[in-house]
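>>> quick one, fold the following:
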Amino acid sequence: MQKSLKQTLREAFVATTPVLAGYIVLGMGFGILLSARGYGPGWALAMSGLIYAGSMQYLAIDLLTGGASLITAALTTLMVNARHLFYGISMIDAYKGMGKKKPYAIFALTDETYSLVCQDDQHLDRDARHRYAFWVSLLDQCYWVAGSMIGSLLGQIIPFSVEGVDFALTALFVTVFVEQWLSTKDHASALIGVIASVICLVIFGADSFLIPSMAAILIALSILRAVRKETA
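Numbering: from 1, shown residues only. Modelled structure (predicted):
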């Protein structure tokens, strides 16, 4: 029996509740920082609606206020968001046949959204998975935009000390990791991610480990998938 729009939306909302809590707080932090640098709610709405990349939006504040060149901004964006290339590759089959919703689903594939839409949902048919992925993506962005606007408006009204606000980004990643760890018994992918990241951090350093670690994770997960298919 095909699920109704109301049922799909309810499931998506329940699944994104942890992201709601994180994105509202993290988005508020971004909005407050943006306001403290002299950029109003219009900037917060535009950046959260069109860029929609938490870590990059935080960095974009410094790029804007520091007068960075377009080349610097482009290279910085590529380095910070390179992991999304690997996310996208892994979702090629999952998003195949998604129709008009596909461009938005690709655009809205953040870390937290990816962690939700790539879960084992083989009990659903393809159309149901597509509808679920779309609503998860849309709800997550709505949370982020709402948090950004709230923070920006509060920053215009109430003076804040912004020291340490950007740590909210790290806290959100930790929260999502713990939630995913507790929600499944198979921790192989999580362990691969942690081990590969730590090794690359030691080898390449904090400024250059992101892309090598993503490449290492992709290779390791591909090998793991092939081994499991052979043994199935």
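
>>> tell me the first helix or strand C-terminal of the helix or strand of the chain with the lowest mean pLDDT.
The weakest-scoring helix or strand in the chain, judged by mean pLDDT, DSSP states H and E, is helix 168-183 (a mean of 71). Going down the chain from helix 168-183, the next helix or strand is helix 188-204, by DSSP states H and E.

>>> for the record, mean pLDDT for that next one?
Mean per-residue pLDDT for helix 188-204: 88.

>>> which residues of the protein score low on pLDDT?
1-3, 119-124, 160, 162, 164-166, 168-169, 172-173, 176, 180, 232 (pLDDT under 70).

>>> mind listing the helices for the protein?
5-15, 17-36, 41-50, 54-66, 70-80, 83-90, 102-107, 111-117, 126-157, 168-183, 188-204, 210-231 (DSSP state H).

>>> turn the ones you listed into CSV, columns for mean neighbour count.
Just so you know, the C-beta spots here come from the backbone N, C-alpha and C atoms, and that holds for glycine as well. Shown next, in CSV, are the helices of the chain (neighbours: other Cβ atoms under 10 Å):
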stretch, mean neighbour count
helix 5-15, 14
helix 17-36, 22
helix 41-50, 17
helix 54-66, 17
helix 70-80, 13
helix 83-90, 15
helix 102-107, 15
helix 111-117, 22
helix 126-157, 20
helix 168-183, 15
helix 188-204, 15
helix 210-231, 14
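
>>> tell me the contacts of Ala94?
Val117, Cys118, Arg129, Ala133 (Cβ atoms under 8 Å, 6 or more residues apart in numbering).

>>> now for the residues you listed: which two are most distant?
Cys118 and Arg129 (10.4 Å; Cβ to Cβ).

>>> what's the closest non-adjacent residue to Lys102?
Nearest non-adjacent residue to Lys102, counting by Cβ to Cβ, 6 or more residues apart in numbering: Tyr95, 5.5 Å away.

>>> let me redo that: Ser90
Closest to Ser90 by Cβ to Cβ, 6+ apart is Cys118, at 6.9 Å.

>>> for that neighbour, grab the count of nearby residues.
15 (other Cβ atoms under 10 Å).

>>> please tell me how far it sits from His84.
Applying Cβ to Cβ, to the nearest Å, the value for Cys118 to His84 is 13 Å.

>>> wait, isn't Met91 in contact with Cys118?
Yes. At 6.9 Å, Met91 counts as touching Cys118 under the criterion of Cβ atoms under 8 Å.
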